[in-house]
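**Student:** got a predicted structure plus its sequence, pasted below:
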Amino acid sequence: MSIDEELAKLDPKPPRTELISTRALRVRNAIKRGDYAAARQTAAEVIGASQLENWRYYPFSDFIVAITDTNDPAFEAQLNEWIAEDPRDSVPRLIRAQYFHDKGWLKRGNNFSRDTMPAHMSVFTDYMKKALTDINAAIYLNDGGNPYGFYLKLRILRGFGASPDMTAAFETAVAKYPAYYSLYEIALDTLQPRWGGSSEAMYAFVDRYAGNAGEHSPLKLLYLRLYQDLLSSASVVCTQSAHDRNQLSGCVASGMETVITASLQTKIVSALELYDQSDRHQFNVAVESILSGMLKTRGGDRYSGMFLELAANGMRSDTRLVEDDKPIQNNYVIDRAVAESWYAKGFYDNAIKKYQEARKDIEHASFPNEEERALALSAIYDDLAGGYNKVNQYVEMIAYEKAALLLGGKARGEPLICYGYYKLKHYEAAVQACTAAIERTGDLQARYWRGVAYRDSGEMDAALEDLRVVADSEYAFRTAAAIDMSVIYGKRKEAQRSLEVLNKYAYLYDQNKQSKENLAASYNNRCYAYMELGELTKALEECTASLKYGSLPDAVRKQQELTKRLKAAQFDPSGLERQP
């Protein structure tokens, strides 16, 4: 079946009303063409329609993050121009603060500061300082009238870890907006040991705010978030010392046993009763985020599984793979979480089955409007695309990801469309899909796959341009990008440029960050470059290093050849010359 036929079967129907993401794109485009009046009008309309719900400020929090374009070098200049036109307007200041925040984290990546290149940390710090200046101005100019400004300020300050400034900003924020749950979440996150806090500080924080809240207060959900943060903290500590999955799981379990109190599980069960005491859609959105975070935590299978069972009981659902005798309709959030747990364990067919069940559950769930239903379905389609990717069903993968986009969701897996076309060897379609993803979000995964699509279609200069952007980043694909660049130069008989690439990216040889396979490939490629340049002694050293980490046949062959040539050179110095 073709992609179009598969997509037609899904028949995704976007809401008849204008999506929040569409309005955000309207603002972005207005900024780019210098129509700041139109940009401000649309932003004002969304602000006017936004309100504090139980666990979010909606829809503005979704709206603003879709405006900024970190991929366009001219976007900052256009924001500067808007601010210069009306220095007393808080809206462009708020948008520029968001832009600086997003740009800084894009440059830094998701690694700890100790694992991030110093130059990237320096750029990150500069962006956060500029973001802080703007957000302070936005809050002042608006007299604190937009709660999102306080939330963004906390996000910015979190980049510097737990600090007196962070504490002061949080206390000011909750004094102004005591019902804004997201403020408490981010402050709690910052109290994790990785940011300079402790489990004791986390417990004290939650007991202070959730413990003293009313019986049915939304703040009770902080007990669920505390459990997630404790699990995440244990995983971070154990990941640094564990050598395999079993050891990691055992370490995390030991760590959790030392920090989980007897009363926390009771408080979690009590907090889950909010499902029957509050808006169920809002509860679903809040709990879904917490569940997903736990299930993605490395080594946390045992504890995330226990939590999933508690959540399922509280939300009147079943976690079994086969539910032929289930008495009630499952909550789609629980089925989606069960699917994610199967996915994390590598049982992708089971994951797809449960994602499909979650898709059906949405048909019976209540939503406040068409857009929110469409966004929930979009997220499931996005998940299904990831599942089909794992079982190499690229036609289905592309169709589901396209359906997710048509429904207006964030579609985190959008790069899977271009990746799918690449795997199907439809290189022109891959380039077009990757370009669309890059223009929408600046996604580095899409940049990488566009680079390899260019490479395999023979457009080497375009490939090198894209791969260089990825190799210079903190993104997970940077190692592959750098190695790919060295191979391209090697095939073009540009050994010196290949060597320059391999020497530029020191992370290629970092045993703490690279797999043995990547280390073997990096040393092997450098061996080849030195060999082509006639530096045989250095080449032999590199091939020998490669073979410490793997048994690449190419490295074995070159090592044998180099050994022979260097022995011959003891009797005939001309043997050191590079052979044609």
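**Tutor:** Looks like it came in fine.
**Student:** and residue 551, how many residues sit next to it?
**Tutor:** Residue 551 has 9 neighbours, counted by other Cβ atoms under 10 Å. C-betas here are computed from N, CA, C, even on glycine.
**Student:** so it, which of the three states?
**Tutor:** Each residue gets one of three states, and residue 551 gets coil by DSSP: H, G, I helix; E, B strand; the rest coil.
**Student:** tell me the pLDDT at it?
**Tutor:** Note on residue 551: pLDDT of 89.
**Student:** I figured residue 111 hits residue 476, correct?
**Tutor:** No: between residue 111 and residue 476 there is no contact under Cβ atoms under 8 Å: 9.6 Å.
**Student:** is it true that residue 474 lies in a helix?
**Tutor:** No: if the criterion is three-state DSSP, then residue 474 is coil and not within a helix.
**Student:** check the gap between it and residue 232 for me.
**Tutor:** Per Cβ to Cβ, to the nearest Å, residue 474 is found 20 Å from residue 232.
**Student:** same check, this time on residue 180
**Tutor:** 22 Å.
**Student:** tell me where the model's unsure across the chain.
**Tutor:** 323-328, 411, 571-580 (pLDDT under 70).
**Student:** now do the strands in it.
**Tutor:** 51-52, 57-58 (DSSP state E).
**Student:** all helices for the stretch 251-400 of the chain, in order.
**Tutor:** Per DSSP state H, counting those that start in this stretch, the stretch 251-400 of the chain carries helices over the ranges 262-272, 274-277, 280-295, 301-314, 332-345, 348-362, 370-390, 394-406.
**Student:** nearest to residue 480, out of those?
**Tutor:** Shortest separation from residue 480 across those is recorded for helix 370-390, at 16.7 Å, computed as Cβ to Cβ.
**Student:** which other helices and strands contact that closest one?
**Tutor:** In terms of contacts (3 or more Cβ pairs under 8 Å, 6 or more residues apart in numbering; DSSP states H and E), helix 370-390 is packed against helix 332-345, helix 348-362, helix 394-406, helix 415-423.
**Student:** among those, which is nearest residue 122?
**Tutor:** helix 415-423 (28.2 Å).
**Student:** report all helices and strands that that closest one contacts.
**Tutor:** Helix 415-423 packs on helix 370-390, helix 394-406, helix 427-441, helix 444-456, going by 3+ Cβ pairs under 8 Å, 6+ apart.
**Student:** how far is the second one from where the chain is centred?
**Tutor:** From the chain centre to the centre of helix 394-406 is a distance of 19 Å (Cα atoms, centre = their mean, to the nearest Å).
**Student:** rewinding a little: to residue 94, which of the helices and strands packed on helix 370-390 lies closest?
**Tutor:** Comparing the helices and strands packed on helix 370-390 by Cβ to Cβ, helix 394-406 comes nearest, at 26.9 Å.
**Student:** mind listing residues that contact that closest one?
**Tutor:** 1-3, 6-7, 9-10, 12, 14, 378-379, 381-382, 384-386, 388-389, 411, 413-414, 416-417, 420-421, 423-424 (Cβ atoms under 8 Å, 6 or more residues apart in numbering).
**Student:** narrow these to just the buried residues.
**Tutor:** 3, 6-7, 10, 12, 14, 378-379, 381-382, 384-386, 388-389, 411, 413-414, 416-417, 420-421, 423 (16 or more other Cβ atoms under 10 Å).
**Student:** which residues touch residue 31?
**Tutor:** 39, 67, 75, 78-79, 82, 95.
**Student:** try it again with 10 Å
**Tutor:** Counting by Cβ atoms under 10 Å, 6 or more residues apart in numbering, residue 31 touches 38-40, 43, 67-69, 72, 74-75, 78-79, 81-82, 92, 95, 99.
**Student:** selecting buried members of the residues you listed in ChimeraX, what would you type?
**Tutor:** Applying 16+ other Cβ under 10 Å to the contacts of residue 31 leaves a buried subset, and the ChimeraX line that selects it is:
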select :39,40,43,67,68,69,75,78,79,82,92,95,99
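**Student:** just the contacts of residue 31: which are in helices?
**Tutor:** Judged by DSSP state H, helices contain the following of the contacts of residue 31: 38-40, 43, 75, 78-79, 81-82, 92, 95, 99.
**Student:** let me know the closest of the residues you listed to residue 468.
**Tutor:** Checking the ones in helices among the contacts of residue 31 one by one against residue 468 (Cβ to Cβ), the nearest turns out to be residue 75, at 21.2 Å.
**Student:** quick check: the residue nearest to residue 232 when sequence neighbours are not counted vs residue 255, distance?
**Tutor:** The shortest distance from residue 232 to any non-neighbouring residue, by Cβ to Cβ, 6 or more residues apart in numbering, is to residue 297 (5.5 Å). Distance from residue 297 to residue 255, counting by Cβ to Cβ: 12 Å.
**Student:** may I see the helices of the stretch 251-400 of the chain arranged in CSV, with distance to residue 48 as well?
**Tutor:** Formatted as CSV, the helices of the stretch 251-400 of the chain follow (distance: least, Cβ to Cβ, whole Å):
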stretch, distance to residue 48
helix 262-272, 32
helix 274-277, 28
helix 280-295, 20
helix 301-314, 35
helix 332-345, 30
helix 348-362, 29
helix 370-390, 17
helix 394-406, 28
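**Student:** so for residue 27, which of the ones you listed sits nearest?
**Tutor:** helix 370-390 (17.2 Å).
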